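Asks: could you work out the structure for the sequence below:
(one chain, ligands or ions: 1)
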Amino acid sequence: MKTAVFSTKVYDKEYFEKHLTGEPLDFSFFETTLNQNTASLATGYDIVCVFVNDKIDKNIIEILADNGVRLIALRCAGYNNVDIEAAKSHNIKVVRVPAYSPEAVAEHSIALILTLNRKTHKAYNRIREGNFSLNNLIGFNLHEKTIGVIGTGQIGATFCKIIKGFGCKITAYDISRSDELVKLGVDYQPLDEVFKQADIISLHCPLNPSTKHIINERSISIMKQGVMIINTSRGALINTADVIKGLTDKKIGYLGIDVYEQEENLFFKDLSESIIQDDFILRLNSFPNVLITSHQAYFTKEAMDEITLTTLKNIKEFEAGLSLTNEIV
Ligand code: NAD
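Replies: Down below sits the predicted model:
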C-alpha cells in the first residue's frame, strides 16, 4: 500500500527515514498541508498521514474517498481537525498517536511558566547587549501558589506531578476525576472555582464543542487579578479577542501559548520575510507579558521517536488487516 505523508518538515522525514530502515513500506513525502487544493496529490494512495494543522473536513474526506484513500493516520493525539463522522460515512478509518510523550508537553508548559515569571528570555537578551540591570525582571515564587489545571488526562496529570514539586497547591477541573491525583493532593473543583482560585491556569483538555473558548470574557472576569494563563493544548480553547482585552485591561498578568486558534496560517513556517496579515498575533506579540511558541511543546527527540514508531505500527496494522489499536471510533 502507498502512503502520502502531508505537512512533512525536514525533521519528520528524518525520523521516518530513521525508523523505516529495511521496511517494505511505500511512502511519499509532501511539504504542503492537506487541503482542498492539495487533496488531489493523494490520488493513487491508500493512506494519508497528516499532522495537527491539516484540516480534514467533509469536503476533503469526499475527495480522499473518491481518490481511493482508506486510512487517515494522524501523527498527533488530538483529532479535532478531522471530521470523524464524515470519515466513517465514507468508510475511511482514522488512527492517531494517543500518547507519545506527555512529559514533553507538560515540561514545555513549565518552561512557559518559568520563562514568563522569571523573564529569562529578557535577561538573556539584555546581558548579550551588556545590560546587567535587574529593572522589571522581578518574578514571584511558585511555592504555595495555586495552580488551576483544566483537563487531568495524561498531560495534565504529568503536569500536576511536576508542578507539585515546586510546592504548589493544585486545584483541577475535569469531567472525570483521577484517584491517583486526588491521592497526590489535587483538589478537584467545579470549573468556575478553579478559575476563581488559581494564580496560574494551565489548559490540558481536548478541543471539543464543550471546551471551545473555555477562556472567554466571562471566565476571565472571575479570575484573579494578574492571573497567568498557559495553553499548550489547542488554540481555540481561548477566545483570542477576549484574552487581548484581558491583557489590555491588565486583568491577565501573563499569557503563555504554544497553540493559537489561527495557527495553521503561521505556525511551522518561516515568515520572517513576509508581511504577517494576522492582526491578533501581531497584537499578542506587542505585549511584554505574552510568550508565544509555535506548537513546539511536543517537539522532543523522545516524542518524535514515539510518534514515528506508533504511526508506522498503525499503518502496518492497517496493511495487515489487523484490528487497529489506535483507531478513533
Ligand atoms: P487525554 O485524553 O489523556 O486527557 C484529556 C483530559 O481532558 C481527560 O482527562 C478528559 O476527561 C479531559 N476532558 C475532556 N473534556 C473535558 C472538559 N470539557 N473539561 C475538562 N476536561 C475535559 O489527552 P492528553 O494526552 O492529556 O492531551 C490533552 C491535549 O493536549 C490534546 O487533546 C491535545 O489537544 C493537546 N496536545 C498538545 C500538544 C502540543 O504539542 N502542544 C501535544 C500533544 C497534545
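Asks: quick check: which element contains the residue nearest in space to the middle of the chain?
Replies: Among the residues of the chain, Ser233 comes closest to the average C-alpha position under C-alpha atoms, centre = their mean, at 4.0 Å. Assessed by DSSP states H and E, Ser233 sits outside every helix and strand.
Asks: surely it touches Val259?
Replies: Yes - using C-beta atoms under 8 Å, Ser233 is in contact with Val259, at 6.4 Å. Using the backbone N, CA and C atoms, a C-beta is placed for each residue, glycine as well.
Asks: how about Ile214, phi and psi?
Replies: Here is the backbone geometry of Ile214 (degrees, to the nearest 10): phi -60, psi -30.
Asks: which one is Ser221 nearest to, not counting chain neighbours?
Replies: Lys251 (7.6 Å; C-beta to C-beta, 6 or more residues apart in numbering).
Asks: let me fix that: Asn80
Replies: Nearest residue to Asn80 in three dimensions, chain neighbours excluded: Leu207, at 4.3 Å (C-beta to C-beta, 6+ apart).
Asks: if I've got this straight, that neighbour is in a strand?
Replies: No - counting by DSSP: H, G, I helix; E, B strand; the rest coil, Leu207 is located in no strand; its state is coil.
Asks: so it sits right up against Ala236, yeah?
Replies: Yes - in this structure Leu207 lies within contact range of Ala236 using C-beta under 8 Å: 5.4 Å.
Asks: mutual contacts of the two, please.
Replies: Shared contacts of Leu207 and Ala236, defined by C-beta atoms under 8 Å, 6 or more residues apart in numbering, are found at Asn80.
Asks: nearest spatial neighbour of Ile328, skipping sequence neighbours?
Replies: Spatially, and ignoring its direct neighbours in sequence, Ile328 is nearest to Val94 (4.7 Å; C-beta to C-beta, 6+ apart).
Asks: buried residues in stretch 154-168?
Replies: With burial defined by 16 or more other C-beta atoms under 10 Å, the residues of stretch 154-168 counted as buried are Gln154, Ile155, Gly156, Ala157, Thr158, Phe159, Cys160, Lys161, Ile163, Lys164, Cys168.
Asks: state the distance from the fifth one to the ligand.
Replies: What it means is Thr158. 8 Å (C-beta to the nearest ligand atom, to the nearest Å).
Asks: same check on the third one?
Replies: To the ligand, Gly156 is 6 Å away according to C-beta to the nearest ligand atom.
Asks: show me what contacts the closest residue to that residue other than its chain neighbours?
Replies: Nearest in space to Gly156, with sequence neighbours left out and distances taken as C-beta to C-beta, 6+ apart, is His204 at 3.4 Å. Contacts for His204 (C-beta under 8 Å, 6+ apart) come out as Val105, Ser109, Val149, Ile150, Gly151, Thr152, Gly153, Ile155, Gly156, Phe159, Thr232, Ser233.
Asks: next: Ala157.
Replies: By C-beta under 8 Å, 6+ apart, Ala157 lies in contact with Pro102, Ser178, Glu180, Leu181.
Asks: next one: Thr33
Replies: Contacts of Thr33 (C-beta under 8 Å, 6+ apart): Phe6, Ser7, Asn53, Asp54, Lys55, Glu264.
Asks: excluding its backbone neighbours, what's nearest the fifth one?
Replies: Just to be clear, that refers to Lys55. Asn81 (5.3 Å).
Asks: again with the second one
Replies: The shortest distance from Ser7 to any residue that is not its chain neighbour, by C-beta to C-beta, 6+ apart, is 4.3 Å, and that residue is Phe51.
Asks: do I have it right that the one you found meets Leu74?
Replies: Yes - using C-beta under 8 Å, Phe51 is in contact with Leu74, at 7.4 Å.
Asks: so which of the two has more stuff around it?
Replies: Leu74 (26 against 20; other C-beta atoms under 10 Å).
Asks: beta partners of that one?
Replies: On the basis of DSSP bridges, Leu74 is bridged to Val50.
Asks: circling back to that earlier point, now the buried residues of stretch 154-168 in a markdown table, with distance to Asp174?
Replies: Output for these, formatted as a markdown table (distance: C-beta to C-beta, whole Å):
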| residue | distance to Asp174 |
| --- | --- |
| Gln154 | 12 |
| Ile155 | 12 |
| Gly156 | 7 |
| Ala157 | 10 |
| Thr158 | 14 |
| Phe159 | 12 |
| Cys160 | 11 |
| Lys161 | 15 |
| Ile163 | 16 |
| Lys164 | 16 |
| Cys168 | 18 |
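Asks: how close does the closest residue to the ligand within the stretch 151-300 of the chain get to Cys160?
Replies: Closest to the ligand within the stretch 151-300 of the chain is Gly153: 1.7 Å, counting by C-beta to the nearest ligand atom. Applying C-beta to C-beta, to the nearest Å, the value for Gly153 to Cys160 is 11 Å.
Asks: if anything else comes up later, I'll come back, but that's it for now.
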